[in-house]
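Asker: predicted structure and sequence below. I'll ask about it afterward.
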Amino acid sequence: MQSQQGNKFTIPIGPQHPALKEPEHFEFNVDGELVTGASVRLGYVHRGIEKGTENRSFVQSMYLLERVCGICSHVHATAFCLGVERLAEIEAPPRAQAIRVLVAELERIHSHMLWLGVGAHEAGFDTLFMYSWRDRETVLNLLEDITGNRINYSTNVLGGVKCDIDREQAAAIRQGLDFLEERTTHYLDVVTSDMMFLRRTRGVGVMTYDESQRLGAVGPTARASGVARDLRVDAAYAAYDKYPVNLVTETAGDLEARFVVRIKELFESFRVIRAVLDDLPEGDLTTRMPRRVKEGDTISRVEAPRGELFYYIKSNGTDTAERVKVRTPTLPNMASVLTLAVGHQLADMPMILVGIDPCFSCNDRMVSVKGTLDSQCWTWEQLRQYGIEYYR
Amino acid sequence: MNTLRAVIALLFFPGGLFILFAGMAYEWVDRKLIARFQNRIGPRWFQPLADSIKLLAKEEVIPTDVNAILFVVLPVIALAGALASALYVPIIGLEPSYSFSGDLIVTLYLLSLLTLCTGLAGANTLDRFSLVGATRALTQMFSYEAPVLLALLGPAIVAESWKISVISEYAKSHWLIITQPIGFLVAVIGLMGKLEMPPFDAPEAETEIVAGALTEYSGRGLALFHLGKSVELMVGLTLVTAFYLGGVANPLLFFAKTLMLLVVVAGVQSLLTRLRIEQTVGLWWRYGALLALAQFLVMIAYEGVA
Amino acid sequence: MTLNLDKPWQPVLDKIKTWARINSPWAIHFNSGSCNGCDIEILATLTPRYDLERFGVKLQGSPRHADILICTGPVTRQARDRLVRIYEQMPEPKFVVAVGSCALSGGVFQGCYNVMGGIDKVLPVDAYIPGCPPRPEAIIDGLVKLLTQLQEGAAPEQNEGENTSAAAVEGAEIQLDAQANGEAK
Amino acid sequence: MKLTTMWKDALGSLIKPAATQRYPFVRREAPEHLRGQLHWDPSACTGCGLCSKDCPADALEVIVLDKKAKRFVMHYHVDRCTFCAQCVASCRQGCLDMESDEWELAALDPRTFDIYYGNEADIASILDGSTEEEAEPAAAG
């Protein structure tokens, strides 16, 4: 991917760079401090997960796909489970669906608070980073208490969920949410009124509505530009039809708007979690899931904290998927970074980059742009060979 | 006995060892305070010492294609400049070891040596982050140097001397922070800019250009630059306290005053977002320099009237 | 640097050096293909709840400043060379800590076509921290175990230093940018 | 627009104790359901191998020595385990348990990650009998 090349001084960011916790290589052409061009080289975290699912059973694939991304692991597993369950023509019990929603929203809280901290850190406001991560520990503790792990919860099994919520845990969640709600109100005040912070966010990296439509941005990045699109509202999955979500949009499209959208989404999450706890259906946690899944293919979409997550699953009647295709939200958002970068100061680059909440482990999928590769079925060996050549 | 006195002053007190350890102590207080502001425990009391010893004992990698002599010598000059400046300021409220009329100017230039060396060191290595860091460090230096000079000349004008000891003697009876608040502000903020502390840490902004000019330095060179910085922190605090906060006094009181100043500095560091380099320059020239000049005018007018 | 062991102050100097090294481990973090679950847990160890600065740990951006290379994730083909280069850029003495199941053995990614396996396929690893991801407490536990071992046995550490120093010199001879990213496309 | 918004937090935390846990010195009690090291209870095991079949990371091997006499040995690779507890969910006899507070698994030597559960004599026979076969994966892992 490239946008406007010039033969100027080039600043590389990545693969190892303190601004990015994940390896990815960006090159910014600068004229003094002004960025005149940007390009990215993806693929450092490409592991071949989609191909990997082809020699694993559905059960094993679920855990592999959960590790596409450590921050939004639950939504990956949920998307896969919903798809496979649809193929197998079963439906997880209502209690399981509600718990999926609950964990997904807790995860959204953890992801957004993490992002708030990272955003502040990129701007050089370490105090906000420290405090938001301190408060984030509350939600991680809750997740650890419910599911048994702080990250990569492995809540889902095919046909339901593993963990239940008892009264004590519900009380703990409510208590944690009260604390978080109070803190989140404070953070909303910080990102909208801190003069020094606003100097770094207001009017920086503006993406208009039209631009976001053209670049195909998704998730909170698009919602900050006024695009009212959220799968939890538009195509409610799991139990979201029972616990409706309100859309949060902003119109400014700059970094401040992205901060505000995400923080306001936190309030939505708090509300949804409380609604789930108030009205948690009784019943089983799992239904019986056949090991072999009927032949067919399906599409499964969920709203990850970063935007729309898309799964295509094809089964050929065995216990192994024939094809799994993942499209993660960072990839469509990545184009916007390169476009927005041009014309900004070098100092704003980390902020703009982080503004889309990038997740490169999600991002590094093999994508065949129409016409560049022959459309054919690639074997494991061919892919490995292609990988070796590509990375040489 | 003059020679012996000079040797002691250079090697042990107040130059040399004492100032090194004192500088590290101040650095620890600074780090600890920031950690406390961020609701953490923070480093242990010997942390800067351990860091320095470890770095000194570590391998120093000299990249190829750099001027090796410059690469090795620059950190030494930087530290030497900072150490030498300690001889002219009233460390912990004692009389400066050496004094001559006009030593204020010399001290200020000795203090700038660190930034200059950092800039040169960055420009010497071919690494791109170092180059950007060096550019930013020098840009920032040109922006704060003039206002800080103006701010420190304010006390000099009222004391009618360019000698640090005379000015601090004068300041003993006049709390200049009350009569020259703008000068005080500019001096403190200038000190932070000099030390590249947040929010003026654009030259070494970790998330943008890794470690700025010092990216390529490892081991000894890095240790010397770090030490130079902590010495400068101590000297700068001493200077500002002596000029604006009631001059030299008994050592304990003076120490307490510098610590109070450090609390303020640490607070500013942890509460403000990093400024972009063009915002820093704008801040200094649009507000810092102009305000300091305005204060000058008021002072001169007042003197003229009085 | 030659050590003359006849000098009477040598043991004292060594002790001071070891003390300083144990109390000031600066770390650099590289993700060579992890799902970033471990990355955020490593970052979390710096935040108020766990605060690794208590032990003098600082996360550095430049490999030149670091003593400990914290690796997460299985080694992918593309990240392999960068990982090795970062290791080579670090000055001696240096240590490698592998965090997370993937970094130890490849974990769930074993058998994926672009994954080479654990970190120890590429670099000599000094401490292993299993978990998916390990809790921040477990990471602290691993670091403390590594540091305790350094305190008890300075000897194996020095041997390792000699073994790897040749590689480091080689690395220094190649013109390196501070970051392993001047790669030719 | 305010100059700073977080001064209340900052000043407050000067008075309040830090949020830091003194971890290696004071150990917080792990949550009840924490997934730590896997444990195997051989009494009900039928050697069906579902656990190792469902394991996404091949961290489990059930070595059947004598199915009738119920002589099984469980070979558990901590370094491969993803702590997902699918094996616990898969086991129909409830032999496996992951809810333990053994999460301090860090080690300096990767050999400690190979864990055998079962009768000691059986383990010894496996270790003796298959040293040649086991040598390679042990060295690599």
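Answerer: Good, I have the coordinates.
Asker: for the spatially most central residue of chain C, what is the enclosing helix or strand?
Answerer: For chain C, the residue nearest the mean C-alpha position is residue C:69 (2.1 Å; Cα atoms, centre = their mean). Using DSSP states H and E, residue C:69 sits within strand C:68-72.
Asker: avg pLDDT for the helix or strand just after that strand?
Answerer: Using DSSP H and E, the helix or strand that follows strand C:68-72 in sequence is helix C:77-89. Helix C:77-89 carries an average pLDDT of 84.
Asker: point out where the chain drops to low pLDDT.
Answerer: The chain I'm using is chain A. Residues of chain A meeting the criterion pLDDT under 70: A:1-8, A:364-378, A:380, A:387, A:390-392.
Asker: meant chain D, my bad for not saying
Answerer: In chain D, residues with pLDDT under 70: D:129-141.
Asker: surely residue D:90 and residue D:51 touch.
Answerer: Yes: Residue D:90 lies in contact with residue D:51 (Cβ atoms under 8 Å); the separation is 5.4 Å. C-beta: built from backbone N, CA, C; applies to glycine.
Asker: residue B:55 should be in a strand, yeah?
Answerer: No: counting by DSSP: H, G, I helix; E, B strand; the rest coil, residue B:55 falls outside a strand, being helix.
Asker: my guess is it meets residue B:225, correct?
Answerer: No: applying Cβ under 8 Å as the test, residue B:55 and residue B:225 come out as separate, 9.6 Å apart.
Asker: settle it for me: which of the two has more neighbours?
Answerer: Set residue B:55 next to residue B:225 and count neighbours by other Cβ atoms under 10 Å in any protein chain shown: residue B:55 wins out with 26 against 22.
Asker: so what's that one closest to, chain neighbours aside?
Answerer: Closest residue to residue B:55 apart from its sequence neighbours, by Cβ to Cβ, 6 or more residues apart in numbering or on different chains: residue B:223 at 3.5 Å.
Asker: so which bits of the strand or helix carrying that neighbour are buried?
Answerer: Here residue B:223 sits within helix B:219-244, counting by DSSP H and E. Buried residues in helix B:219-244, counted by 16 or more other Cβ atoms under 10 Å in any protein chain shown: B:219-244.
Asker: same check, this time on stretch A:172-190
Answerer: For stretch A:172-190, using 16+ other Cβ under 10 Å, the buried residues are A:172-173, A:176-177, A:180, A:183-184, A:186-188, A:190.
Asker: hmm, it touching chain C?
Answerer: No: between stretch A:172-190 and chain C, judged by Cβ under 8 Å from any Cβ of the partner chain, nothing touches; the nearest distance is 13.1 Å.
Asker: pull out the CA atoms of that stretch and give them to me as CSV.
Answerer: Presented in CSV, the C-alpha positions along stretch A:172-190 are these (Å, rounded to 0.1, in the frame of the first residue of the first chain):
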residue,chain,number,x,y,z
ALA,A,172,-18.9,-8.3,41.6
ILE,A,173,-19.6,-7.3,38.0
ARG,A,174,-22.1,-4.6,39.1
GLN,A,175,-19.7,-3.3,41.6
GLY,A,176,-16.9,-3.1,39.1
LEU,A,177,-19.1,-1.4,36.6
ASP,A,178,-20.1,1.3,39.1
PHE,A,179,-16.4,2.1,39.7
LEU,A,180,-15.6,2.0,36.0
GLU,A,181,-18.6,4.2,35.1
GLU,A,182,-17.4,6.8,37.5
ARG,A,183,-13.9,6.7,36.1
THR,A,184,-15.1,6.7,32.5
THR,A,185,-17.0,9.9,33.2
HIS,A,186,-13.8,11.4,34.4
TYR,A,187,-11.9,10.2,31.3
LEU,A,188,-14.5,11.7,29.0
ASP,A,189,-13.9,15.0,30.8
VAL,A,190,-10.2,14.5,30.3
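Asker: what's in contact with it?
Answerer: Stretch A:172-190 is contacted from outside by A:106, A:109, A:116, A:128, A:131-132, A:135, A:138-139, A:141-142, A:145-146, A:165, A:197, A:260, A:263-264, A:266-267, A:270, A:273-274, A:277, D:5-6, D:9, using Cβ atoms under 8 Å, 6 or more residues apart in numbering or on different chains.
Asker: for residue C:139, state which of the buried residues of stretch A:172-190 is nearest.
Answerer: The shortest approach to residue C:139 among these belongs to residue A:176, at 23.3 Å (Cβ to Cβ).
Asker: quick check: which element contains the closest one?
Answerer: helix A:167-193.
Asker: can you pull out the strands in chain C?
Answerer: For chain C, the strands defined by DSSP state E occupy C:26-31, C:58-59, C:68-72, C:95-99, C:127-129.
Asker: reformat those strands as TSV; add mean pLDDT.
Answerer: Formatted as TSV, the strands of chain C follow (pLDDT from 0 to 100):
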stretch	mean pLDDT
strand C:26-31	88
strand C:58-59	86
strand C:68-72	89
strand C:95-99	90
strand C:127-129	89
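Asker: quick one: the helix or strand where residue B:252 lies to chain centroid distance?
Answerer: Take DSSP H and E as the rule and residue B:252 turns out to sit in helix B:251-271. In terms of Cα atoms, centre = their mean, to the nearest Å, the centre of helix B:251-271 is found 14 Å from the chain centre.
Asker: immediately after that helix, which helix or strand?
Answerer: Heading C-terminal from helix B:251-271, the first helix or strand you meet, by DSSP H and E, is helix B:277-282.
Asker: residues touching that next one, excluding its own?
Answerer: Residues outside helix B:277-282 that contact it (Cβ under 8 Å, 6+ apart): A:33, A:199, A:345, A:347, B:136, B:139-140, B:143-144, B:193, B:200, B:202-203.
Asker: and the stretch 51-200 of chain A, which residues reach chain C?
Answerer: Residues of the stretch 51-200 of chain A lying close to chain C (Cβ under 8 Å from any Cβ) are A:51-52, A:55, A:63-64, A:67-71, A:73, A:114, A:117, A:129-131, A:133-134, A:137, A:140, A:144, A:149-152.
Asker: same deal with the stretch 151-300 of chain B?
Answerer: So the stretch 151-300 of chain B meets chain C at B:206, B:210-211, B:215-219, B:222 (Cβ under 8 Å from any Cβ).
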